[in-house]
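Asker: after the sequence you'll find the predicted model.
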Amino acid sequence: MSETRTLESVATIRRPTDDEAAWLAIVKRQVKALHFGVVQIVVHNDRVVQVEWTEKVRLNDKTTGDGVEPTL
């Protein structure tokens, strides 16, 4: 069975270990830095072993003004 937890719930269940505090800080920093993208946490044997992030750049949508102007 899978269980979904937020970053805050991990920290409030108990005090995070040094390893948990390190990856939590990395994830929070990457989430705050992204405008569009994905942050993934890779777990192996109940331990976070890798944090990956992919940033996406959206081209400007003329109808909404979201994104950036493409330069050619």
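Answerer: Nice, thanks for sending it over.

Asker: residues contacting the closest residue in space to K56 that isn't next to it in sequence?
Answerer: Leaving out its chain neighbours, the residue that sits closest to K56 by CB to CB, 6 or more residues apart in numbering is F36, at 4.3 Å. Where you see a C-beta, it was placed from the backbone N, CA and C, and this is true even at glycine. Counting by CB atoms under 8 Å, 6 or more residues apart in numbering, F36 touches 55-58.

Asker: in terms of secondary structure, what does the strand or helix carrying D19 contact?
Answerer: D19 is part of helix 18-33 when elements are defined by DSSP states H and E. When contacts are defined as 3 or more CB pairs under 8 Å, 6 or more residues apart in numbering; DSSP states H and E, helix 18-33 sits against helix 7-13, strand 37-44, strand 47-55.

Asker: what about those, which gets the closest to A21?
Answerer: Nearest of the helices and strands packed on helix 18-33 to A21, taken as CB to CB: helix 7-13 at 8.5 Å.
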